[in-house]
Every structure is written in structure tokens, then in C-alpha cells.
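Peer 1: output the structure for:
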Amino acid sequence: MDSLIDRMIRASKLDINLYEEVERDEEAIYQAFLVVVFSSLAAGIGSARFGHLNAIIFGTILSIIGWLIWAYLTYFIGTRLLPEPQTEADYGQLLRTIGFASSPGIIRILALIPPIANIIFIVAGIWSLMAMVVAVRQALDYKSTLRAVIVCLIGWIVQGLFIGLFLYLFKLFPRIH
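Peer 2: So this is what the prediction gives:
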């Protein structure tokens with residue numbers, strides 16, 4: 001098994017072979033979990049000047065929950081609603097590949113440098129989204145990158161609605177009057 005750091009670098013390079021590798025490697029679930037945790041901690045540290053330690057911990061927990069939900073949504077949408085003829089995947093494959101797709105998020109720690117903080121977050125977001133599309137395409141055995149983009153977009157919208165509803169219901173989101 002490759003080292004975690006090597007795999008994260010390859011995932012960040014959008015190496016399709018890495019995504020195929022972690023899709024098949026059931027033991028990579030532990031590494032994928034660590035990637036999600038490291039990426040969310042990097043974001044928390046990068047934005048520490050805006051919050052407290054509790055926000056970093058809460059953000060990390062929410063990132064892990066978001067990863068679990070996002071992987072399931074992607075699995076469901078990709079295998080049930082928009083499969084290609086050769087699509088064959090399980091939830092674990094999506095967890096592993098999507099977990100590694102968050103590797104570029106590690107650069108968010110550089111947001112500690114105020115003049116480039118916003119740029120870092122934008123670059124990390126776009127880069128992670130590109131990695132997500134590659135991860136989804138490989139895990140779902142798609143030939144079409146556009147189909148992977150559509151699956152990611154639908155999943156993003158659905159997850160956003162659920163998160164918005166959650167925040168609204170628990171009064172963490174301002175009510176519209």
C-alpha cells in the first residue's frame with residue numbers, strides 16, 4: 001500500500017490511476033477518512049483568525065458527516081439515476097475516492113497569510129471540485145466526464161438543501177422575514 005502522503009499528492013494531481021487504486025483498495029477507507037480530517041483541519045486552521053478552537057472541531061465533525069452524506073448521494077445518483085451501461089460501484093468505493101478528492105483542501109492552511117486567504121480558499125475549492133469529478137468518474141466507471149459533473153452538481157444542490165434545512169431548523173441560519 002502506498003503511503004498516505006504519496007496518495008494525497010497523486011489525488012491532488014488528479015491522477016486517475018490513484019482513484020482507480022483507492023476504489024479497489026478496501027483498506028484505503030482509513031486513509032480516506034484521514035484525508036477528510038486533515039483537509040478540514042487545514043481549513044479550520046487557515047480560517048482560525050475568524051473563529052475559535054470550537055469552530056475548528058465543529059467544522060471537522062461537519063466535514064466528516066458531509067463526506068458520508070456526499071458519498072451516499074453521489075453513489076445513489078450515479079448508480080440509480082444516471083448510470084452508464086458499465087457503471088458498477090458500491091458506497092465504499094465512493095467513500096474512498098471522494099475522501100481522497102479532498103486532498104487539495106490541505107492548501108487551505110495557507111489562508112493564515114491574510115493577503116492571499118480568499119484566493120487560497122477559492123483555489124482549494126475549485127481544485128477539490130475538479131478532483132471530485134475525477135473521483136466520481138473513476139468510481140462510477142463513467143466514460144463521460146460531463147456525466148460526472150452533472151452527478152456532482154445534483155449531489156451538491158441536494159446536500160446544500162439538506163444543510164440549509166438543518167441550519168434553519170436548529171436556528172443556526174437566519175430566518176427570512
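Peer 1: from here on, contacts and neighbour counts on C-alpha atoms
Peer 2: Noted.
Peer 1: and the contacts of stretch 116-133?
Peer 2: For stretch 116-133, contacts defined as CA atoms under 8 Å, 6 or more residues apart in numbering pick out 11-12, 14, 46, 98, 101-108, 110-111, 145, 148-149, 152.
Peer 1: buried subset of those, written for PyMOL?
Peer 2: Burial among the contacts of stretch 116-133 is assessed by 16 or more other CA atoms under 10 Å; the matching PyMOL selection reads:
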select buried, resi 11+12+14+46+98+101+102+103+104+105+106+107+108+110+111+148+149+152
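Peer 1: please flag which of the contacts of stretch 116-133 sit within strands.
Peer 2: Using DSSP state E, no member of the contacts of stretch 116-133 falls in strands.
Peer 1: grab the nearest non-local neighbour of the most centrally placed residue in the chain.
Peer 2: Central residue of the chain (CA atoms, centre = their mean): residue 102, 4.5 Å from the mean position. Leaving aside its sequence neighbours, residue 102 sits nearest to residue 128 (CA to CA, 6 or more residues apart in numbering; 5.6 Å).
Peer 1: isn't residue 97 right next to residue 24, touching?
Peer 2: No. Contact criterion CA atoms under 8 Å: residue 97 and residue 24 do not qualify, at 9.6 Å.
Peer 1: from what I see, the residue nearest to the centre of the chain and residue 37 are in contact.
Peer 2: No. Counting by CA under 8 Å, residue 102 stays clear of residue 37, with 9.4 Å between them.
Peer 1: which strand or helix spans residue 157?
Peer 2: Using DSSP states H and E, residue 157 sits within helix 145-169.
Peer 1: could you list every helix and strand in contact with that helix?
Peer 2: Applying 3 or more CA pairs under 8 Å, 6 or more residues apart in numbering; DSSP states H and E, one finds that helix 145-169 contacts helix 53-76, helix 117-139.
Peer 1: and those helices, which one is worst for confidence?
Peer 2: Mean pLDDT values for those show the minimum at helix 53-76, a mean of 88.
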